[in-house]
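Participant: Provide a 3D model corresponding to the input given below.
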Amino acid sequence: MDISKVTDYLYAGSRVDKEHADELKVFSFDLITPISTKKLLVGVEAVFPIIQIKAFEKCLQTR
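Facilitator: Next comes the predicted model:
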């Protein structure tokens, strides 16, 4: 099982099945939902401009 932390409240994994339930308990997930790669990419494309703006703003603040 491959799980990576994206944010404090979002993790992404390559595949999660019932047999991984014990391993997942350490993460204290409130919700596990399957999502296709296509839908994930649509979401990433939608949020990417916002992330870019936030990153740019953060860079300006550190100057």
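Participant: Where does the record place the domain boundaries for this protein?
Facilitator: 1-32, 35-63 (automatic domain parsing).
Participant: Format these as JSON lines; extra columns: mean neighbour count.
Facilitator: Heads up, the C-betas are built off the backbone N, CA and C, glycines and all. Formatted as JSON lines, these follow (neighbours: other C-beta atoms under 10 Å):
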{"stretch": "domain 1-32", "mean neighbour count": "10"}
{"stretch": "domain 35-63", "mean neighbour count": "9"}
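Participant: Could you tell me the least trusted of those domains?
Facilitator: Of all the domains of the chain, the minimum mean pLDDT falls on domain 1-32 (a mean of 79).
Participant: and the end-to-end length of that one?
Facilitator: Terminal residues of domain 1-32 lie 14 Å apart, using C-alpha to C-alpha, to the nearest Å.
Participant: what are the phi and psi values for Lys25?
Facilitator: Per-residue torsions, Lys25: phi -60, psi -30 (degrees, to the nearest 10).
Participant: need the contact list for it.
Facilitator: Applying C-beta atoms under 8 Å, 6 or more residues apart in numbering to Lys25 gives no contacts.
Participant: Just grab the bridge partners of Ile3 for me.
Facilitator: Gly13 (DSSP bridges).
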